[in-house]
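In: Predicted model and sequence below, questions to follow.
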Amino acid sequence: MPRFEAGPIPARVRTARTATGDVAEARRLLKELGARRDAPTRIAPVPRDRPLALSFAGQRLWFLDKWTPGQPVYNSPLGLRLSGQLDHGKLIDALTAVVGRHESLRTRYSEEHGVPHQIVDPAPARVDIPLTDLTGRPDAEEEARALAHDVATGAFDLARGPLLRARLIRLAPEEHVLVLCVHHIATDGWSTGILVSELTACYAAAVAGTTPDLPQLPVQYADFAAWERERASAESTERLLAYWRERLAGLPTLDLPTDRPRPAEQSFRGATAVLRLPDGLRTRLGELARAEQATLLSVLLAAFNALLSCYTGAKDVVVGSVFSGRDHPDVERLIGFFANTLVLRTDTGGDPAFSELVARTRETVLGAHLHQGLGFDRLVRELRPERDTSRNPLFQVSFTLQNATVGSGGAGALRVVPEPVGQGTARFDLAVQVTEVPGEGLDLWAEYATDLFDAERVEALLAQYAAVLDQVCADPAVRLSRLDLLGPDRRALAVRHSTGPAAPGARGRLLHQLFEERAGADPDAPACLFEGVTVSYGELDARADRLARRLAGVGGIVGVLLPRGPDLPAALLAVLKSGAAYLPLDPGYPTDRIAWMLGDADCRTVVTVAALAGLLPEGVTPVLLDAGDAADTDRPDRDPAPAIDDASAAYVIYTSGSTGRPKGVVVEHRQVVEFVLTIVGTFRLGPGDRVLQFANPAFDVSVFDFFSALTSGAALVQAPVEVLHDFGRLADLMRTTAVTVTDLPPTILAELDAGAFPDLRALFVGLEPYPGDLVNRWNIPGREFHNAYGPTEATVACIDHLVPGVLDGPPPIGLPLAGYRAYVVDERGDLAPDGVPGELYVGGTGVARGYLGRPGLTAERFLPDPFGPPGSRVYRTGDLAVRRSDGVLTFLGRADRQLKVRGLRVEPGEIEAVLTGQPGVRQALVTLRDGSLVAHLVTADGAAPDTTALRAALSAVLPAGLVPSSFVALDAFPLNANGKIDHARLPDPERPAVSERTEPRTPTETRLAEIWSEVLGTSDFGVHDDFFALGGNSLRITQITSRVREAFGVALELRAFFRASTVAGLAALVESEELAAADEGLLAELLDDLETR
């Protein structure tokens, strides 16, 4: 097993330069490091007749074992395949000798009043190595792996010991596997190498009948623990703390993309992925390290930092790394837990060349090494990071180089080869280890949390790391932005997944011509249904022609300001027939907004009615539909077609702008025609279908309503806006008119009975994210549920997902529609790997012309397609998405609306999904107000929710950082004119009055407050003050729980303390545990009574 490269400083480090090239500073650092190693304070043996303190690292592991008793995550297993003639008895003798040499292997850990101490047992006369004989079994190898797994995952009892166990498995007379497992509190990676080398030496000596040639051990682990505590003076501790406080100020959380939401608590379930690096890469990396005057660790870590930066977009990368912690020569040959975890924070900003990143990383490693005297457990205790049971404190990803592994060797006539042992655990989200295999090169090992990641993602990450290593060896000057994480094959696949089917191919056709073809084919077919009146295709075409004659010669952009009804689609068609582009205006808009839009579009003519003409500003000519058509009676039925083509503008629709002013999007005939034909084909629309016009005509989804119906022979169902926004009347309308296809916002669907519409065969839903249970309600047999996505700039919809069945979460947005391309692009402007979030770029036939009158903004958002055919364009949506390995896209929200709370990226949809699963909660929306999460809830009866119950339910499944601080109950969400939730109108939570300190109110609270005062050394707190804010730490938790057990007879789990870290919360837990114990006692009495009758 490995020895950590970052232990005693290798000679080659002594020539390292700092990131600035300051050789003098490097020499100062290295001189201080060397002095610490070359002239150490002697470690003096301590008497064994007194309680022996734990090392700082050992104390942390002891607490973690109390936190999750019996968890195998801190087991350290090792398998050795022994080939040749084996003497079982001599092997037992050899292991007994090693245990006799090293007290750590025969130490137990007890506690008194919550304070742990070591108990060193005498050297055993014989260590047991049970033998399991699988000789002749056809599945012997598989059985051996299962037995090894049992050895590796069995629980250790730190108080009872022993903390080493072994099993010998016989596969054949001269083929065995020895499985050893030691609790991590007694060993580390370096120690494993010592264990194996001494075991083989002792075995060879036992077989030969000689004494093993092993150096005498000057001290034991308990001596080191005492020495470590003695040298941790207040002065040196404060100096180290000052360094780490400055170094880790504002420490960010590294948000690795995950395949599943993070659970409320770490389960430590894990798996391992392995990748052997190509032959020769170790040599090239060594040459690169020498050229950069850096260690191999610095080069490998710099490449890993580069990968994480590209993978996450982070410019401030934080990883943990394990250093040997063996600077003192007295402990170099000692088995024990010396390894120290250091936090390595590297600046990857500014798109540095890789050689520059190596220099930055080298300085980070040197600084950390120089200040490693403050152990990780002390660092956590002193820095007091926010407690979160869902993740490791300070860092979630670790990186380690092990350059002295347990290689193949011999022991007498035996050949000894390391054997992997499956453990199924993970201490961190992701732990990557580069292992030097003697004579063979480098292996990449990744231990990952299976609660978060799939094997496919981690295997891809290792492949990408290998690709980065290859590229930086080839060109150390390569900048991070130029690193290729995909490679040719994955890049080609990503482009294929990003490309939809071929476009319908409607070059040269105009939008109104599609309608005219339908009207000519069946003029008597119903085109519009409105308040009991049916208008045929022929009549609608005639109305449009008459109005088009009145608009002849106007050109440019013509506004349409009309109420809902058949005149509205007639007016849109008339404007198109006249050769102009239509600008839809909502009669509900403020007059200032209407005036601004007309002025911005240089629109001088508006089709309207007399009742609405007063909304128009001066200088705009109204064309009144209710003024009659007498002036047109002597004109021919049709004017010559205006000189327009498919590159002419069809409409201008205004969307919200970040400056507060809307911006007009110009969509041409060729774009909208391709979209309409694609939608008609996707939904198989035709005569007999009835499409509800729900969308606001000033919103681009109205293009779907109007033209998917009127170009396919379907009928358009219309109603006044007050009917559409009255859920009862809307439901009646959809039933009585037998609506078959519609687009409805999720907020409307949530209020309707999904089973009340037998004719409804297809739903087109989008606008905003929504939970899976809403889909499940509406996605019934015989009905298609389409989750669609598309910005106005890409002509209504460009991505679509036909939901195949029941969902357990929000639906993905799917795949590109015909003629479209949809790329997920990272911050470097390159295609993001599968599973990695990035900005969504949309390309293809539906990309709009641009923004009206805004050439600068058009150039900024509409770009040449970097991955598509020459001359093609893409639109930068500003939305975040992630692509699965099958190409399906998931929408993650607006890039500019991402929530960050105390450094954690928060996905509101994850919290909303849990909230909507709670009793009485119909809809949920999570926002960020003043740095805190606020949950806005639409409840079943409009009543205020039980916030205590909601917090408890959320805390059971979500990390602490994702539980909202406030809850606001609403009768309904405020909506804007387009049916979207109006965030600006969401009310702020009520702010509670600041209360004075609350004194204990019950005997339980009083006794608990006394215990807290004894442990914390202060009584200046109330029953609602947080334990950790008062200076509490893990050791003090164990002291409190120990005293609670003595005072109340209640054994509280340590993890419960994190959920109830106030006197009041702890009192409620204690009382509930007392009640449960009383109930159990009463039940036992009743059972005894029944048995004696």
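Out: In hand now; what should we look at? Residues are numbered from 1 along each chain as shown.
In: What are the boundaries of the helices in the stretch 251-400 of the chain?
Out: In the stretch 251-400 of the chain, the segments counted as helices under DSSP state H, counting those that start in this stretch are 281-291, 296-312, 354-370, 376-383.
In: right, I mislabeled it, should have said the stretch 451-600 of the chain
Out: 455-474, 487-497, 511-521, 537-550, 567-577, 591-600.
In: Any chance of a markdown table for the helices of the stretch 251-400 of the chain, columns distance to V806 and mean pLDDT?
Out: All C-beta spots, glycine's among them, are computed from the backbone N, C-alpha and C. What follows is these, written out as a markdown table (distance: least, Cβ to Cβ, whole Å; pLDDT from 0 to 100):
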| stretch | distance to V806 | mean pLDDT |
| --- | --- | --- |
| helix 281-291 | 47 | 94 |
| helix 296-312 | 32 | 95 |
| helix 354-370 | 47 | 94 |
| helix 376-383 | 43 | 77 |
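In: any chance of these in a markdown table, with mean neighbour count and distance to V968 too?
Out: Below are the helices of the stretch 251-400 of the chain laid out as a markdown table (neighbours: other Cβ atoms under 10 Å; distance: least, Cβ to Cβ, whole Å):
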| stretch | mean neighbour count | distance to V968 |
| --- | --- | --- |
| helix 281-291 | 16 | 56 |
| helix 296-312 | 25 | 32 |
| helix 354-370 | 23 | 44 |
| helix 376-383 | 20 | 34 |
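In: Could you tell me the average pLDDT over stretch 558-565, please?
Out: What stretch 558-565 shows for mean pLDDT is 97.
In: do the same with stretch 973-983
Out: On average, stretch 973-983 scores 74.
In: Of the helices of the stretch 451-600 of the chain, which is nearest V914?
Out: helix 455-474 (23.5 Å; Cβ to Cβ).
In: Now that closest one: buried residues?
Out: 457-458, 460-473 (16 or more other Cβ atoms under 10 Å).
In: relative orientation of it and helix 281-291 in degrees?
Out: 50 degrees (axes from the mean of the first three to the mean of the last three Cα atoms, to 10 degrees).
In: which residues are contacting helix 455-474?
Out: Identification of contacts with helix 455-474 by Cβ atoms under 8 Å, 6 or more residues apart in numbering yields 257, 259, 271, 273, 275, 277-278, 281, 284-285, 287-288, 299-300, 302-304, 306-307, 311, 354, 430, 432, 444, 446, 448, 478, 483-487, 833-835, 885.
In: E674 is in contact with G846, isn't it?
Out: Yes: with contacts counted by Cβ atoms under 8 Å, E674 reaches G846, the gap being 6.0 Å.
In: shared neighbours of the two, anything?
Out: What both E674 and G846 touch, as defined by Cβ under 8 Å, 6+ apart, is the set T795, G819.
In: and the two? which has more neighbours close in?
Out: Between E674 and G846, counting by other Cβ atoms under 10 Å, G846 is the more crowded of the two (30 against 25).
In: was I right about that one contacting T795?
Out: Yes: between G846 and T795 a contact is recorded at 3.9 Å, counting by Cβ under 8 Å.
In: Residues that sit against both of these two, list them.
Out: Residues touching both G846 and T795 by Cβ under 8 Å, 6+ apart: Q671, E674, F675.
In: Tabulate those in TSV, adding columns for secondary structure, distance to L970 and pLDDT.
Out: Formatted as TSV, the shared contacts of G846 and T795 follow (DSSP: H, G, I helix; E, B strand; the rest coil; distance: Cβ to Cβ, whole Å; pLDDT from 0 to 100):
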residue	secondary structure	distance to L970	pLDDT
Q671	helix	39	96
E674	helix	41	96
F675	helix	35	96
